[in-house]
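Novice: Got a sequence here, can you build the structure:
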Amino acid sequence: MDSAMISDKRGTLVVVAGPTGSGKTEVGVELARRLGAPIISTDSRQVFRGMAVGTAQPSAEQQAAALHYFIADREVSDDYNAGRFEAEALELLDRLFVTHDYVLAVGGSGLYIDALCHGFDALPPAEPALRVQLEARLREEGLGSLLEELRRFDPVYYESVDRSNPSRVLRAVEVCIQTGRPYSEQRSGEPRERPFRILKIGIKVGREELYGRIDRRVDGMLASGLEEEARRLWPLRGLNALMTVGYREMFDYFDGKITYDEAVRLIKRNSRRYAKRQMTWFRRDAEMVWFGRDEIKMMENFCKKFAE
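Specialist: A predicted model of the protein is given here:
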């Protein structure tokens, strides 16, 4: 981008992204402290109340160290999505950049990051009858049925979608059926101009180290009350917000489908698989600059140099 165009923009949005368990929350809080910046969460599940343990929401201490937005400010019944997030986050950034040179966007939901940085394509609204039909299939036949349909409709998007996220799979199938065209063809990929600078930082972690961190993280969640939190949410298990790694496996345990030990094993396995898909998504982003999570000073200098 031309340097004159960059200088005309007010404020710098610093994206801190990485797979689950990479330490991006800790990095984000420390970098925010150094830059005097608030944090916008780009985690599609941390936005919901009552899911603090299972979604690893920032602790009270972390939220006290840096002002956070989009953390636990929606009910789990709220049909929240990337399009709504884009609109609300852009409105918030307009206000934040009046008083801040930097705002951080911290999280691992690639779709939310893309929506914030580049815009979300306008797609047809859901047809209520079709949505009810697809949701019934999801409950009765499971996610695998919709995934197989998506693979037939749109093998391109099937390869990139988060296949553990029922709401995204359902929406893609829905759009394919409504329009008769592959979902991937309707995503223009044309970035929308933003009135602020954008800098993307990725947290790099070796695979074996990451998988070890994920296993320890799951153990920590269980020690912090994941089972009890999931039991409170169990009556609501049909909601999209709860079709999430950690909760789905616990719900199957509560329903008597699997043992507790099997639930724990599956949470760890599915978390590792999710992390792998996240890394595939982020590595495709040529704008991402990668740092080790201990290289905070280098990140700080990089941000300040970029904003000059």
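
Novice: Give the burial count for residue 94, as a bare number.
Specialist: 13 (other Cβ atoms under 10 Å). For every residue, glycine as well, the C-beta is placed using N, CA and C.

Novice: can you pull the contacts of the residue most central in space within the chain?
Specialist: With distances taken as Cα atoms, centre = their mean, residue 109 lies nearest the centre of the chain, 1.9 Å away. Residue 109 makes contacts with 42, 43, 44, 45, 82, as judged by Cβ atoms under 8 Å, 6 or more residues apart in numbering.

Novice: For the helix or strand harbouring residue 264, which helices and strands make contact with it?
Specialist: Taking DSSP states H and E as the definition, one finds residue 264 inside helix 260-283. Where contact means 3 or more Cβ pairs under 8 Å, 6 or more residues apart in numbering; DSSP states H and E, helix 260-283 is packed against helix 110-118, helix 207-223, helix 247-254.

Novice: of all those helices, which lies closest to residue 128?
Specialist: Nearest to residue 128 among those is helix 110-118 (23.3 Å), distances taken as Cβ to Cβ.

Novice: for the following helix or strand past the closest one, what is the average pLDDT?
Specialist: Counting by DSSP H and E, the next helix or strand C-terminal to helix 110-118 is helix 128-141. The pLDDT scores in helix 128-141 average 86.

Novice: ok, residue 13 touching residue 106?
Specialist: No: assessed by Cβ atoms under 8 Å, residue 13 is found out of contact with residue 106, at 11.1 Å.

Novice: Which one of those two is surrounded by more residues?
Specialist: Higher neighbour count among residue 13 and residue 106: residue 106, with 29 against 23, using other Cβ under 10 Å.

Novice: ok, back up a step: give me the distance between the residue nearest to the centre of the chain and residue 43.
Specialist: Residue 109 sits 5 Å away from residue 43, going by Cβ to Cβ, to the nearest Å.

Novice: got it, and residue 86?
Specialist: Distance, residue 86 to residue 43, using Cβ to Cβ: 15 Å.

Novice: which intervals of the stretch 101-250 of the chain have sub-threshold pLDDT?
Specialist: Applying pLDDT under 70 to the stretch 101-250 of the chain picks out residues 120-122, 188-189.

Novice: hmm, back to that, and of the helices and strands packed on helix 260-283, who's closest to residue 175?
Specialist: Once those are compared by Cβ to Cβ, helix 110-118 is nearest, at 14.1 Å.

Novice: Give me the helices and strands touching that closest one, please.
Specialist: Here helix 110-118 touches strand 12-17, helix 82-99, strand 102-107, helix 260-283, going by 3+ Cβ pairs under 8 Å, 6+ apart.

Novice: by how many degrees do that helix and strand 102-107 diverge?
Specialist: Interaxial angle, helix 110-118 versus strand 102-107 (axes from the mean of the first three to the mean of the last three Cα atoms, to 10 degrees): 160 degrees.

Novice: tell me which residues of stretch 232-251 are tucked away?
Specialist: 233, 237, 239-251 (16 or more other Cβ atoms under 10 Å).

Novice: Mind naming the longest strand for this protein?
Specialist: If you go by DSSP state E, the chain has its longest strand at strand 197-204.
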